[in-house]
Structure formats: C-alpha cells, structure tokens
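# Okay, sequence plus prediction incoming.
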Amino acid sequence: MKSEELLKDLNPDQIKGVIETEGPVLVLAGAGSGKTRLLTYKLAYLVKVLGIPAYSIFATTFTNKAAGEMKARAERLVGGALKGMWIGTFHSLCGRILRIEAEALGLTPEFTIYDEDDSLRLVKQIMRELKLDNFKVSPRGVASYISSLKEKLITPEEFNAIAMKGFESEIVPVYKEYQAALQRSNAVDFDDMIMYVVYLFRQNEEIHHRWASRFQYILVDEFQDTNRAQYELVKLLSAVHRNVTVVGDDDQSIYGWRGAEIRNILNFPNDFQGTKIVKLEQNYRSTRRILEVANAIVKNNSMRHEKRLWCNSEDGSLPTLNIYQNEYEEGSGIVKIISRLINDNGVSPNNIAILYRTNAQSRIFEEELRRANIPYQVVGGISFYQRSEIKDMLAYLKLIVNPKDNLSFARIVNLPPRGVGKSSIQKLEKESASRGIPIFTLCREGQLDFLPRLAQSGIKNFVSLIEELKGKKDDVYVLLKELVEKTGYIKMLEEEAEPESEERIENIYELLSSAYAFSESHPEDRSVEGYLAEVSLLTSVDQWDPNSGRVSLMTVHSAKGLEFEYVFVAGLEHGLFPLAKAEFDNELLEEERRLFYVATTRCKRGLWYSYALTRRMHGNENFCKASQFLEEIPKELLNVEGGSCDFALQYERDADFPISVNSRVLHPFFGFGRVLEIRGRGKNAIVTVLFEKFGIKKLALAFTELEIV
DNA sequence: CTCTCGCCTGTTTTT
DNA sequence: CAGGCGAGAG
C-alpha cells in the first residue's frame, strides 16, 4: 500500500509520528490530540507499508479493552488480521512472557496471579506469623510499601541492604517471607509480573536476546504513567532493534501514587540516544470554551513541558459551575439536568458521564438516577470479579489449575463449611511451610493425624472434589458448572438467606455466563488457564460498555482515555478534590490538578462542574468550600449558577491567621463554638470546632467562614 | 468449629 | 457510616 493513501486522514504532526519508525521516538501528545489514532495508524503503517510481520510488534496500552479496540481499528486499516501481534497492558504482555519463561523463574506455566486483595491477605498472614500484629504500619501499609519497592525493582536482599533502622528494617523480613510464600504457592502478584521479566532479562542474556530480537518495534501508550520497572522493561526489550515509540502527555500523569514517574517521559531523550520528538498540540475533541478552561487549569502546574493546546472547533458554551446545599442536592440537581438532556434534547445516555474523585461518591448518583428511571452503569468500585462469591469460585479454579496455590486453598477449603476451621488451616500452613510441601499435596498424601477427625474427613471430600474436577479443566464453562453444582455453594447461599444472598447467587450465574462467553469466543482454547489469565488482569474499564445506552459513572482515574459529549465533574470541594492529603504537598497537589485537567478534557461540548456546601463523611457533617482549582479558573470562563458563589469563591488571599486553638468563634448559622484543632495555615486552614448549641461534636470548617468573637 | 455481636478504623485513585 | 476483625458463647 502507498503510504499517502493510508495517511490521508492524519495531520502533518501525526504523520511525522507515524513515519518516524526507526530509532527512538517520543510523541508528546496533548489531550484529545489523536494519539490513539497515531498509534493505530502506526501499527497499520508498519505492517502494511513497511511489510513488518505483526508478530514482531510489541504494543502496550493502558487497558486490555483499549488494546482490543486499537488492534481492531488497525486491522480495518490494513484490511486483514494482525495475527500474532503482541498488544495489551504491560501486565498481560508480561504475563505471556512469564508463562513461556516460567521455568527460568522457578515457576510453572500454571502460576496463579494474586490480585491486591490476595496479596493483602498474604501480608496479613505473614505479619501474624512474624508476630507483627501490632506493628505500627498496618498490613495495608506494609503491602503497599512492598509494592512500591517492587515498582522500583528492589529485591528483598537489596532492601535489606538499604533499609533504615525503624519501621523499614521491620518490613524486611515480611518482604522476604512474602516473596518466599508467593514462590511456594507458584504465584505472582501484579508487581512481580513486570519485575520478574526485568530480572529475567537482566540475568539471562540468552533469554533477553531472544525476546529483544523478536520485537522489532515497540510502541508504548500512556507513557507518562509508566513506573520504573516498566521503563526498564521498555529499555531491555528495545535493546536490539532500538525502534521504540512512546506516546504520552506529562499533563495527564495521574498515577504517581502507583509508582508512575513523570521523569520517565522527561528523561527519555537522555536514555535513548537520538530520540526524535514529535508534538501533537491540536485538540480535536473539545469546544474552544472547554479547552480554554483546561489550559487555564494546567498552566498552574510548574512541573511540566510547556505546551499550548489549540483547536479549530466552534466556541461552544461556557462550562457551568453549580453550587448545591449538600451532596443530595448535588445528586438530584445533576440528575435533573441529565434528564433534561435526555428527554428534551434527545441526547443518548451513552454520551453522558458523571465523574468524581472517589468511588464512594457514586452511591448518591445511583440512587437519584434509579429514582429518575435513567439507565446508568457504574465503572469501578468493587468490581464484579472482586466480589467475595466470585473470588471464591475463582479460587476453586486457581487451585484446580495450580495445586500449589496455598492462599486459594485456605480461602475455599471450608467454603461451604466442611469442618475445617481457622486453627486447622493454620496447622496445615505451618506443616506445609516446614516440610516445603504445598498444602494441597499434604492433604492428598494423607498423614493428617494432627487435625481433628471432622476436619480430616472434610479435607478428604474436598481433595477428591478438586481431583475430580481437574479432569474437566479443558473447558471452563463445563468445569465451572459442575463446580457450582458439586460444591453446594449456591445451596449454602440459599440457606443463609441474607438480604444479599439472592444477588450473590445471581452473580454466580453471571460468572457462569461469562465463562460460557469465554468458551464460545475462544474455541481453540477454552481452558481454565486461559480464562483465569484473562480474568485476573481485567481492569474496571474493561467491563465498561460505551454503547450500553446508559449514563456512565466513574472516577476520573477510570475515565482516562475516554471522552463524552456531556460531562459532570462532581464534588469539587476543598479536601475532596483535591483530597485533603494533597493540601500541603505541592507534588501531590499538582497531580490532583492534572487529575482535574483530565476530568475537564474528557468533555467534548457540555461541561458542568459542581460542589456541595456540606457533605457527610464518616458520619460527620462537613462544611465545604470550593476546590481551589475552581478559583484558578478566571471567572469569565465559567457560568456560575446556584447563588451563593461569592460566599464560596471570593475570599481574600490574606496573610494573617487570626484563629488559635481555644478561640471562641461564631458561625453564621451554627452559632458559638470553641476551636479544637487547626490544620494548615492561611486561607487553606481547616478548623475543627465544638459547637455549644448543637452539641455537635466536630465540624471541619474553612476558617474564612468563621468570625472571631 | 461456628456463629454472632460489638468495637474500631478509616479508602483516594487501580494494574 | 460501613466493613472488617476479634472476642466470646454455643
């Protein structure tokens, strides 16, 4: 194919990004500038114009869904299947490498992937064993600390060498034991998936060379959100051919808390000699008004490449700011606008999204939308595959495939109850660890005299059930169906007759139908292994259907990479968006601001911001003031509705701070009170007050709303 | 071993 | 306010 023919729908910058195929290329792509398009065309160009075989291309995207779409679109351009192309998330691609190279890492190809919940359980168990029950860092904190070490490719041994006295040195044995336990269970966590591949490549030149030679072209999307391990992986994989294109936008880097390093995108030209830089600055997504606001927001950040998005779009209308009395008013107010859009303006619910900072905010919108009879879908939160009944079923599958998986064993051996209680499981774990034999093997081989008789017979039944089901593992659906019947799990749910039981039963049937769908769509490999590999790495957005005919509800993080005609950004309050934690940490604050920028740039034409003057959190009524990000938007760029905006928007940037602990204060409608605590300084200070009249215990307030008495 | 009650803590965001 | 966890009874 002629390249002009393929590239006729791209702008000159995009074309440059596509046809620069040799050597390292850094594409700095602003929001809505067509970077996905560029990548899609580049895939097509490589195959169709340059004649590169699809199997020598390695492309990463942020979700597996995005990968599927990009591949499908590229196939349409090419006019044929891109067979054997490696495209997916870092995790799924590394998973594939690991299955092939498992042996070199002391794993078998049937290894289990532990999700965050699994790894937290494991950390808890280990901390109990190591008598760290009352350790000052919570298991959750330890788990995320370990995760952050892995993101930086720090092994337990290396950590041991650099750990400082104090809590770090206490984490060393937990990390060591955690890795050992994973290894014993023939399991990896999310971080291992990347880290192991990097270690493998570093340690084994033969294997490294084989993979690096195989992939002639590496493409990385959302490069601003890669962590150190992923960066290293890109370097290693591209070491032979050196043809690597990375695409990203430093203004949209929102995963710093997960180890993403902005400097990856800044350092790239230094690490990759001869990098060509392409900038995409024309926005095709939003109207001019929206883009002006977006630019006004992001220019307050200091850590960024200077760039200016421009567009040829129509002006559009001003984004609106609505101020509501409380979060319920916000919910019903937004839903009212949505129902007007749908009923009066004929907008499809597909084109509408409500975005928020935290998942907990979704509930009120759900209630209001249900009341208004507007169909909606919630993305994220506790996803389907994280529900306990689903995780139980998956644990059965995992154990069937990988008998060494001790965590899954412990999860389900007594579900439904088989007389194997906590202490029996603990004994088994001890025995298994000391003899170096997986728990399941221990149970199958038989000498369990150290357990109560009831537990022994329960285990016997359990083992024979698993052994029996093993024979069916070539077809997930068949196996799962039999599993559900034979375990009596549904019967157990029916009998407990809790309010949620019915829903949980339905979920199990839904899992069955997902297994059925998998079987149908993978006729060549219907195995449990394949199913688990797919399901374990699903993201919340993977379960989102853009054509569902429903309004979408999701966090701003989940919305990355998506776009909607009409967008509501809710809860723009100080302490919520930006989160209170970011208040005094400029780096965090800038990330929150980028998040706000991401939220804004999801919108094509109709944008509504909102916040509530009061909001309940942890059972307390909190008094809120507008997010500082709203103040950063010049007033003439916003259409403010809701009356009390001046109250919220117009306070002085004063220097003096007139309140101290114990000051007596007066609030316009809560009366007199006494200051208990002050966090922060200046206009951002949050003051906790004990009010006399109401007997309300605590209220967090912006001090500007208080008068000193 | 199992179940229930009551206490305590605390979530941002997700592969 | 909610969910998770531990203690204590059956």
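Here it is on my side, so go on.
# Count the neighbours of the residue in the stretch 551-700 of chain A that DNA strand C sits nearest to for me.
With CB to the nearest atom of the strand as the measure, residue A:619 is the residue of the stretch 551-700 of chain A nearest to DNA strand C, at 3.3 Å. Glycine gets a C-beta too; all of them are placed from N, C-alpha and C. As a burial measure, residue A:619 scores 5 neighbours (other CB atoms under 10 Å).
# Help me confirm that residue A:429 comes into contact with residue A:409.
No: using CB atoms under 8 Å, residue A:429 is not in contact with residue A:409; the gap is 9.2 Å.
# Compare these two (neighbour count), which wins?
Neighbour totals were compared for residue A:429 and residue A:409, and residue A:409 leads with 26 against 19 (other CB under 10 Å).
# quick one: that one and residue A:396, what's the gap?
The gap separating residue A:409 from residue A:396 is 10 Å, by CB to CB, to the nearest Å.
# Okay, and residue A:380 sits in which element?
Using DSSP states H and E, residue A:380 falls within no helix or strand.
# Name the spans of the stretch 401-550 of chain A whose pLDDT lies under the cut-off.
For the stretch 401-550 of chain A, the stretches with pLDDT under 70 are A:497.
# And for the residue of the stretch 401-550 of chain A found nearest DNA strand B, the neighbour number?
Of all residues in the stretch 401-550 of chain A, residue A:421 sits closest to DNA strand B, at 1.7 Å by CB to the nearest atom of the strand. When neighbours are counted by other CB under 10 Å, residue A:421 registers 16.
# from memory it sits against residue A:410, does it?
No: the criterion here is CB under 8 Å, and residue A:421 misses it with residue A:410 at 11.4 Å.
# Mind jotting down where the strands sit in the stretch 1-150 of chain A?
Using DSSP state E, counting those that start in this stretch, the strands found in the stretch 1-150 of chain A span residues A:25-29, A:57-60, A:86-88, A:112-114.
# Let me have these in CSV, adding mean pLDDT as columns.
Formatted as CSV, these follow (pLDDT from 0 to 100):
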stretch, mean pLDDT
strand A:25-29, 94
strand A:57-60, 96
strand A:86-88, 96
strand A:112-114, 94
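# So for the helix or strand hosting residue A:194, what gets flagged as buried?
For residue A:194, the host element (DSSP H and E) is helix A:190-203. Residues A:190-201 are the ones in helix A:190-203 that count as buried (16 or more other CB atoms under 10 Å).
# How about stretch A:527-547?
A:527-544.
# Just the residues you listed: which are in helices?
A:528-536 (DSSP state H).
# after the worst-scoring helix or strand of chain A on mean pLDDT comes which helix or strand?
Using mean pLDDT, DSSP states H and E, helix A:645-649 stands out as the lowest-scoring helix or strand of chain A, at a mean of 31. Moving toward the C-terminus from helix A:645-649, the next helix or strand (DSSP H and E) is strand A:664-667.
# Format the CA atom coordinates belonging to that next one as PDB.
This file holds the C-alpha atoms of strand A:664-667, laid out as PDB (Å, rounded to 0.1, in the frame of the first residue of the first chain):
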ATOM      1  CA  ARG A 664     -14.200  31.400  70.600                       C
ATOM      2  CA  VAL A 665     -15.800  31.700  67.200                       C
ATOM      3  CA  LEU A 666     -19.200  32.500  65.700                       C
ATOM      4  CA  HIS A 667     -20.500  30.800  62.700                       C
END
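# which helices and strands sit right next to that strand?
Packing partners of strand A:664-667 (3 or more CB pairs under 8 Å, 6 or more residues apart in numbering; DSSP states H and E): strand A:671-679, strand A:686-691, strand A:707-708.
# coming back round to it: give the intersection of the neighbour lists for residue A:429 and residue A:409.
Residues touching both residue A:429 and residue A:409 by CB atoms under 8 Å, 6 or more residues apart in numbering: residue A:439.
# quick one: low-confidence parts of chain A?
Where chain A drops to pLDDT under 70, the residues are A:1, A:497, A:642-659, A:667-671, A:677-709.
# So in it, which strand runs the longest?
Counting residues, the longest strand in chain A under DSSP state E turns out to be strand A:603-617.
# how about the helix or strand just after it: buried residues?
Scanning forward in sequence from strand A:603-617 by DSSP H and E, the next helix or strand is strand A:620-623. Across strand A:620-623, burial judged by 16+ other CB under 10 Å covers A:622-623.
# Stretch A:453-473 now?
Quick answer for stretch A:453-473 (16+ other CB under 10 Å): A:455-456, A:458-459, A:462-463, A:465-466, A:469, A:472-473.
# Are it and DNA strand B in contact anywhere?
Yes: using CB under 7 Å from any atom of the strand, stretch A:453-473 reaches DNA strand B at A:454-455.
# Would you tell me which helix is longest in chain A?
Assigned via DSSP H, chain A shows its longest helix as helix A:501-521.
# and that helix, anywhere near DNA strand B?
No: counting by CB under 7 Å from any atom of the strand, DNA strand B is not contacted by helix A:501-521; separation bottoms out at 12.6 Å.
# neighbours around residue A:267, how many?
12.
# do the same with residue A:369
A count of neighbours around residue A:369, defined by other CB under 10 Å, yields 24.
# Residue A:371 now?
The number of residues packed near residue A:371 is 11, by other CB under 10 Å.
# For it, which residues are in contact?
Neighbouring residues of residue A:371 by CB under 8 Å, 6+ apart: residue A:335.
# quick one: contacts for the closest residue to DNA strand C within the stretch 151-300 of chain A?
Distances between the stretch 151-300 of chain A and DNA strand C by CB to the nearest atom of the strand are smallest at residue A:174, namely 15.7 Å. Taking CB under 8 Å, 6+ apart, we find residue A:174 in contact with A:123, A:126-127, A:130, A:132, A:142, A:146.
# Mind listing what's buried along whichever strand or helix holds it?
Secondary structure assigned from DSSP H and E places residue A:174 in helix A:167-184. Buried residues in helix A:167-184, counted by 16+ other CB under 10 Å: A:168, A:170-179, A:181-184.
# which residue packs closest to residue A:86, ignoring adjacent ones?
Excluding its sequence neighbours, the residue lying closest to residue A:86 (CB to CB, 6 or more residues apart in numbering) is residue A:58, at 4.6 Å.
# how close does the one you found get to residue A:272?
16 Å.
# Between these two, tell me which one has more neighbours.
residue A:58 (24 against 19).
# what is the more buried one paired to in the beta sheet?
Beta-bridge partners for residue A:58, by DSSP bridges, are residue A:86, residue A:218.
# That one reaches residue A:221, doesn't it?
No: the pair residue A:58 / residue A:221 is not scored as a contact, 12.0 Å apart, by CB under 8 Å.
# who are the neighbours in contact with residue A:533?
By CB under 8 Å, 6+ apart, the contact set of residue A:533 is A:92, A:95, A:99, A:113.
# Identify the residues contacting the second one.
By CB under 8 Å, 6+ apart, the contact set of residue A:95 is A:113, A:193, A:533, A:537.
# Looking at those, which two lie furthest apart in space?
Comparing all pairs in those by CB to CB, the longest separation belongs to A:193 and A:533, at 11.0 Å.
# shared neighbours of these two, anything?
The overlap between the contact sets of residue A:193 and residue A:533 (CB under 8 Å, 6+ apart) consists of A:95, A:113.
# Now do the same contact list for residue A:630.
By CB under 8 Å, 6+ apart, the contact set of residue A:630 is A:321, A:572, A:609, A:611, A:638, A:649.
# Am I right that it falls within a helix?
Yes: Residue A:630 forms part of a helix when assessed by DSSP: H, G, I helix; E, B strand; the rest coil.
# Compute the distance between it and residue A:573, please.
Per CB to CB, residue A:630 is found 9 Å from residue A:573.
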